[in-house]
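> Just the structure for this:
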Amino acid sequence: MRKFLILLSLAFGLMASAKAATDTKASIDVKAPQVYLKDLNTGDILLEKNADQKMVPSSMSKIITAYLVFERLKSGDVKLDDTFHVSEYAWGKQGSKTFLPVNAKVSVEDLLKGVIVQSGNDACIVLAEGLSGTEAAFADEATQKAHEMGATNSTFLNSTGWPDEGHLTTAKDLAIIAERTIRDFPKEYEKYYALKEFTFNNIKQGNRNTLLYKNIGADGMKTGHTDSGGYGIVVSAKQGDRRLILVINGLPSSKDRDAEATALINWGFNFWKNYKIFGKGDVVEVADVWSGTEKSVPLVASKDISFTIPRSQRKYLEVKIVYDSPVAAPLKAGDKVGIIEVTEPEKGVYKIPLHAGKDVKMASFFNRINNSIHYLLYGKHGS
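Numbering: from 1, shown residues only. From the prediction side, this is the model:
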C-alpha cells in the first residue's frame, strides 16, 4: 500500500505557502497588563497577554457568583420567586450596592439583577448566605466549581470580589467561566446580562458595563474595579454568527478600560474572520478500497473544522489529506482511516481524524485473489 496525500486549494482561496508574509502578522498594541481574547465559535485565541498571570479580579468575580445561582435554579434547589433574608452584614457591606433594606426579604430574581446590573455587593452576600449558609462556604463552592471548569488558577474568598488577600484569578480563567455561563445557561445569560438598568427600592441604576450602549454587539458581562486590581472587564460580544469573549484588567481608568475593550472587540471582528474548511460528516475524499464488496468508500470529517485567522492570511492556510491507499476492508462507518492536516499561519499544524463514511464488508476469497492480481498488474483494484 502507498501513502496518499492530497493538497487542497478550497473555493475561498486556501493555498500552500511556506511562510506568511510579515506584513500580515496579527498584532495590536494594548495597554492592559492582562488580556485574553477568544473566538467562541472556533476556540481560537486571537490575543493573549499575561493571560495566566494571577491578578485581582475585583467585581469581575461576580460572574462565578451568578453562575452558581443559575446552577441552583436549574437544579430546582431554588426558584426565582424564593426570597432570602438581608442580614446586617450584607446590608452594611460597602462599595457598589443594590440598596437592600436590612432584614428585608428579597426575591432571588431581584438579587440576581442586583448582582449583574448594579454590581451590588449586598445582593451577592444575600445570595451567598441564602444558598450556602455563609459567604465563606459559598466562596469555597465557587472555587471548587471554577476548578471543575478548568479555571484552576482561581481562588475565590468571597462572593463580591471585595479586596481580600489571596482572592485571585487570571484573565484566561475568567474567560473560561464566561464561556461556561453562555454555553450552560444561554437563556439566563440573554435574559439578565444584557439588561441596561434595574430599579430596586425606588433607586434606578444603569448597567456598569457601558459597552452595552455601544454598537459593537456587546451583550454582557461584567466590569470590575479596585485600587489593587485596577479597571477591568469581561466582555461577550456577538456579530452575525460569531461570538468573542474578551477579558482585560489593570487599566488606570474606566475611560481607558472602555476604549481598549471597544478597540479590541472591533479588531477581533474586523481584522479576523472565521473560515469553515469542512463540516462534520462532509465527504473530504473518495478512496479506493482493497478487497472489499465496494470499490470505494467516502472519507468524512470527524468534526466541524473551522479556524479564525486574519483576513489577509487566508491564502496561507494549508490543508492536506493523508491516508493509506487503497483502504483495506472490512470497514465500519466511523473507523479512522487517515488524517486531515491543517497548517494555520503562525500557529502550526492541527491534525483531525478522517473517518470512513460507511460500512464496507470484506469481499469473498475468490474476489480478494482477483483484486490482488489486478492490483499487482495494474496498480488498482479489480472490477
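> okay, CA-based contacts and neighbour counts for the rest of this
Noted.
> and the spatially most central residue of the chain, what is it in contact with?
Most central in the chain under Cα atoms, centre = their mean is residue 40, positioned 4.0 Å from the mean C-alpha point. Neighbouring residues of residue 40 by Cα atoms under 8 Å, 6 or more residues apart in numbering: 179, 242-245.
> go with 10 Å
By Cα atoms under 10 Å, 6 or more residues apart in numbering, the residues touching residue 40 are 179, 182-183, 236, 238, 242-245, 308.
> What helices and strands are in contact with the lengthiest helix in the chain?
Longest among the helix segments of the chain by residue count, using DSSP state H, is helix 254-270. Judged by 3 or more Cα pairs under 10 Å, 6 or more residues apart in numbering; DSSP states H and E, helix 254-270 is in contact with strand 34-39, strand 45-49, strand 218-226, strand 230-239, strand 242-251, strand 305-310.
> Wait, residue 313 touches residue 345, no?
Yes. In this structure, residue 313 is within contact of residue 345 by Cα atoms under 10 Å, at 7.0 Å.
> Looking at those two, which one has more neighbours?
Taking other Cα atoms under 10 Å, residue 313 and residue 345 do not tie; residue 345 has more neighbours (23 against 20).
> Hmm, residue 311 and that one touching each other?
No. In this structure, residue 345 is not within contact of residue 311 by Cα under 10 Å, at 11.4 Å.
> In TSV, list the contacts of residue 40 along with pLDDT.
Formatted as TSV, those follow (pLDDT from 0 to 100):
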residue	pLDDT
179	98
182	98
183	98
236	98
238	98
242	97
243	98
244	98
245	98
308	92
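> Compare these and tell me which has the most neighbours.
Neighbour counts for those (other Cα under 10 Å) peak at residue 236, which has 28 neighbours.
> who's the closest residue to that one other than its chain neighbours bridged to?
By the measure of Cα to Cα, 6 or more residues apart in numbering, the closest residue to residue 236 outside its immediate chain neighbours is residue 245, 4.6 Å from it. With DSSP bridges as the criterion, residue 245 is bridged to residue 38, residue 236.
> Give the full set of residues in contact with residue 245.
With contact taken as Cα under 10 Å, 6+ apart, residue 245 is in contact with 36-40, 45, 174-176, 178-179, 218, 220-221, 234-238, 265, 268.
> Make a PyMOL selection of the buried ones in those.
Selection of buried members from the contacts of residue 245 for PyMOL, criterion 16 or more other Cα atoms under 10 Å:
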select buried, resi 36+37+38+39+40+174+175+176+178+179+218+220+221+234+235+236+237+238+265+268
